[in-house]
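J.: dropping a prediction and its sequence here:
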Protein chains: 4
Amino acid sequence: MKTRMRRKQERPGEILEAAFEEFAEHGFAATRLEDVASRAGVTKGTIYFYFETKERLFGEMIRHFSALLLAEVDEFLAKPSESHKERLSNFIRFVYRRFALDRKGREILRFMVADGKHFPGLVARHYADFVAPSLQRVNELVQMGIAAGEFRETPAARFGEIIMGPAVLLGIWFLVFTGQREIDVEAFVNGHIDLLLDGLRVTPSNAASPPP
Amino acid sequence: MKTRMRRKQERPGEILEAAFEEFAEHGFAATRLEDVASRAGVTKGTIYFYFETKERLFGEMIRHFSALLLAEVDEFLAKPSESHKERLSNFIRFVYRRFALDRKGREILRFMVADGKHFPGLVARHYADFVAPSLQRVNELVQMGIAAGEFRETPAARFGEIIMGPAVLLGIWFLVFTGQREIDVEAFVNGHIDLLLDGLRVTPSNAASPPP
Amino acid sequence: MKTRMRRKQERPGEILEAAFEEFAEHGFAATRLEDVASRAGVTKGTIYFYFETKERLFGEMIRHFSALLLAEVDEFLAKPSESHKERLSNFIRFVYRRFALDRKGREILRFMVADGKHFPGLVARHYADFVAPSLQRVNELVQMGIAAGEFRETPAARFGEIIMGPAVLLGIWFLVFTGQREIDVEAFVNGHIDLLLDGLRVTPSNAASPPP
Amino acid sequence: MKTRMRRKQERPGEILEAAFEEFAEHGFAATRLEDVASRAGVTKGTIYFYFETKERLFGEMIRHFSALLLAEVDEFLAKPSESHKERLSNFIRFVYRRFALDRKGREILRFMVADGKHFPGLVARHYADFVAPSLQRVNELVQMGIAAGEFRETPAARFGEIIMGPAVLLGIWFLVFTGQREIDVEAFVNGHIDLLLDGLRVTPSNAASPPP
DNA sequence: AATGAATGAGGATTCATTCAT
DNA sequence: AATGAATGAATCCTCATTCAT
């Protein structure tokens, strides 16, 4: 039967999906494989058929969903765009979309913060695969804008983190404070980009200002 | 010896301190009370003499260290300062000091992200005690600067989170990626403030600019 | 081997049997599940696979062995017998057999006395399933004997407990004072029945006697 | 101060009283000394000043309240009475009063059933001090009545337990089934005595009947 | 491939008991 | 005499992991 064959093929993915939900809900340590299993519609034994240990399951779950994100990042970066301003603001919007507004991306952030200490390999890979290239990209965009005379020289140009900070903070916000206060996301993003681009703008008064 | 009495007074604090270290290292679920006990130099039973459950211990630990932070925030806010620029940048430096560079503040951030779901009461209190007042303060400073003609009108003025984003991100950075890459903190903070103040500066070209 | 499957079927019963022995020996609170497990030839975990908590194990153990008794009571009551005297004395002998001489029945009595306060549901069920119907049965037998002119009217006719008292007392005796003094059970039962039937007998002198 | 002196003197008694309540409520194993202490208005340490261990406390509590009962039994037995019928029924009423209706007496019965196995010495003493003499007394009363021609010869005469059975059963009843059904105690006791005395009555038809 | 019964080490919690004050 | 902080052995219960079927 095809149904069965298809099931078989889909099993690991279903388990990873269930694992994501449970780990996101309870964190690594407090998640019970039993719950992952029943959410995936299988039994504990089946999980062990596909994944050696709870640690491995966690690791592969992260790898799996990271890979999806990674592909999107690559795809995005391949796209051409016009002015440097536009490129930069597009990238920022992309980051908001993927790491703050998208639940998967956000929860991966949580996994890093919550369980990173127990999975140094994961953290290193995540850093190498996402964080470093993304920061690199931001820095390049800014440098290119500076070179083109579109942006001013600023010490912040060395720190993509400064550029991206508010986007990550919004992700954290959703992870922790959802329910405490509503945020008008559109206005937030626009405010961020507005402030940022204004801070990068070349004007007579800051054109030649050296870093303090 | 006054050992007995003196110990009695000190015990809860010692246990809280030990609990902070263990919870910070392993997270709520993976922390063993036995380890907290031996770090505090007592036995398991003693912890239960002072704290009803592991949950309570965690909660009171957060409360304890939060209270210290809260006091510092209040004290800081009481201080007068000169121009609005200076007030704002002083506050930003304060936030870096307390929530990014200081280990206690940083780890409290981790607790919120990692275990907040299990302690909704703690999250609500933390929000009410720190986050809301701090954001409020930032917004006030910006508004006052605008009113004084020192800062321009910007949609970011409504979102203290945008102003503070890079500071929180640096905290996260230390929590997760320490060891992946060194960061020149001084330059980071200066870059942040420089970019921000430039973004808030009133210039002929942005004086009346509407958000793009 | 069918070992696996066969065991699976038998496990719960084996655990219940072991639980009976341990609970009977030590009472609910002082029984260690570990001991139940090793008596049943399994490990602690296995008990929890079949029974949610110690309380549940206790409850289901009672339910299990009560059900056996209940079946016997029902079966007995279905049997026809001759005179009312005979019916009554047969029933009394049955009660001795099941609730005083039989260890299982006796220990269930102990469980009610010793741990009933912690298991009000069990007590209520036991009362509804055994005690009430048995008393009901006794009362019916006596009433029928009275109606048939075989027994005299007596205020004790309303209280099956009075009729059965010595039988239960013998059960208690075995529970508590075994070893203090030997009892000639046969003579005891005969003495009880003799006294009882004589007390119920219709004679010229008591035929119409009102209670003193 | 006299108050203090008096308190000191009363402490052990207050502790025993509190112990009775707690042990009666929860049984030996499930009773916490902490609860006994707070009920007695002292701290755990104080209990250990007066009683070496939990076992000793239990034992002395039983001894204490048994002694009160014992005194009453002795006192009762010293009283003269008229006919043997009356002596017997008085004694039965006394037993009802002391062991079924009186909470202390009843709960001591529970202690024997519930925890007797762990306190064989207590059981033996209880048997020697109460049970044996009481049964002895009942047997004597019946024998004397027979010798006086007031009662018939019956095999039950050897078993005071048969005579007293319903009284003990009523005690058990209150211990276990209170709340399941109300019992009209007065009618119950009268029914018991009526049935018993009728069973012991000498009539033409049973005057010479040998035991079957 | 999948099941789920069984394991057993691990960890939270309880509580009788001790002892410095 | 009395306190109550401290202990630590005991015990319930959990859950990752195994393995016969």
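T.: Perfect, thanks for sending it. This structure is a prediction, so every number in the text was calculated from the model and none was measured.
J.: could you identify the helix or strand that succeeds the helix or strand hosting residue A:86?
T.: Residue A:86 is part of helix A:84-95 when elements are defined by DSSP states H and E. Going down the chain from helix A:84-95, the next helix or strand is helix A:103-115, by DSSP H and E.
J.: circling back: what mean pLDDT does the helix holding residue A:86 have?
T.: In this model, helix A:84-95 has a mean pLDDT of 92.
J.: put the alpha carbons of that helix into CSV.
T.: Extracted in CSV, the C-alpha atoms of helix A:84-95 (Å, rounded to 0.1, in the frame of the first residue of the first chain):
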residue,chain,number,x,y,z
HIS,A,84,21.8,49.9,-0.6
LYS,A,85,19.2,51.4,1.7
GLU,A,86,16.7,49.1,0.1
ARG,A,87,18.9,46.1,0.3
LEU,A,88,19.5,46.7,4.0
SER,A,89,15.9,47.4,4.9
ASN,A,90,14.8,44.4,2.9
PHE,A,91,17.2,42.2,4.8
ILE,A,92,16.0,43.6,8.1
ARG,A,93,12.5,42.9,7.1
PHE,A,94,13.5,39.4,6.2
VAL,A,95,15.1,38.9,9.6
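J.: show me which residues of that helix are buried.
T.: Buried residues in helix A:84-95, counted by 16 or more other CB atoms under 10 Å in any protein chain shown: A:84, A:85, A:87, A:88, A:89, A:90, A:91, A:92, A:93, A:94, A:95. Yep, even glycine has a C-beta here, placed from its N, CA and C like the rest.
J.: centroid-nearest residue for chain A?
T.: In chain A, the C-alpha closest to the average C-alpha coordinate belongs to residue A:99, at a distance of 3.7 Å (CA atoms, centre = their mean).
J.: find the residue closest to that residue in space, skipping its chain neighbours.
T.: Setting aside the residues directly before and after it, residue A:99 is nearest to residue A:105 in space (CB to CB, 6 or more residues apart in numbering or on different chains), at 4.3 Å.
J.: what is the neighbour count of that neighbour?
T.: The number of residues packed near residue A:105 is 21, by other CB atoms under 10 Å in any protein chain shown.
J.: quick one on the thing from earlier: ok, now which ones touch the residue nearest to the centre of chain A?
T.: Applying CB atoms under 8 Å, 6 or more residues apart in numbering or on different chains, we find residue A:99 in contact with A:105, A:106, A:109, A:167, A:168, A:171.
J.: with residue A:173 instead?
T.: A:100, A:183, B:161.
J.: state which helix of chain A is the longest.
T.: Ranked by residue count and defined by DSSP state H, the top helix of chain A is helix A:2-30.
J.: what comes up buried for that helix?
T.: Buried residues in helix A:2-30, counted by 16+ other CB under 10 Å: A:11-12, A:15-24, A:26-30.
J.: is it correct that residue A:199 falls within a helix?
T.: Yes: assessed by DSSP: H, G, I helix; E, B strand; the rest coil, residue A:199 belongs to a helix.
J.: for it, which non-adjacent residue is closest in space?
T.: residue B:199 (3.1 Å).
J.: give me the domain ranges for chain A.
T.: A:1-52, A:59-200 (automatic domain parsing).
J.: pick the most buried one from the ones you listed.
T.: Across those, the average number of neighbours (mean count of other CB atoms under 10 Å in any protein chain shown) peaks for domain A:59-200, which reaches a mean of 18.
J.: hmm, back to that, so the helix or strand following the longest helix of chain A versus helix A:2-30, what angle?
T.: Next helix or strand after helix A:2-30 toward the C-terminus (DSSP H and E): helix A:33-40. Orientation check (axes from the mean of the first three to the mean of the last three CA atoms, to 10 degrees): helix A:33-40 against helix A:2-30 gives 150 degrees.
J.: which residues are contacting helix A:33-40?
T.: Counting by CB under 8 Å, 6+ apart, A:11, A:14-15, A:17-19, A:21-22, A:43-44, A:46-47, A:54, A:57 sit against helix A:33-40.
J.: output these as CSV; include the columns pLDDT and distance to chain D.
T.: Output for the contacts of helix A:33-40, formatted as CSV (pLDDT from 0 to 100; distance: CB to the nearest CB, whole Å):
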residue, pLDDT, distance to chain D
A:11, 84, 48
A:14, 95, 47
A:15, 97, 44
A:17, 97, 46
A:18, 97, 41
A:19, 98, 42
A:21, 98, 41
A:22, 98, 37
A:43, 95, 38
A:44, 96, 35
A:46, 96, 42
A:47, 97, 40
A:54, 98, 37
A:57, 98, 42
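J.: contacts with chain B among the residues you listed, please.
T.: Filtering the contacts of helix A:33-40 for proximity to chain B by CB under 8 Å from any CB of the partner chain leaves nothing.
J.: what packs against the helix or strand of chain A with the lowest mean pLDDT?
T.: In chain A, the helix or strand scored least confidently by mean pLDDT, DSSP states H and E is helix A:2-30, which has a mean of 85. Helix A:2-30 makes packing contacts with helix A:33-40, helix A:44-50, helix A:54-78, helix A:103-115, helix B:3-30 when contacts are defined by 3 or more CB pairs under 8 Å, 6 or more residues apart in numbering or on different chains; DSSP states H and E.
J.: at 10 Å instead, please
T.: Under the contact criterion of 3 or more CB pairs under 10 Å, 6 or more residues apart in numbering or on different chains; DSSP states H and E, helix A:2-30 touches helix A:33-40, helix A:44-50, helix A:54-78, helix A:103-115, helix B:3-30, helix B:103-115.
J.: and the fourth one, average pLDDT?
T.: Mean pLDDT, helix A:103-115: 96.
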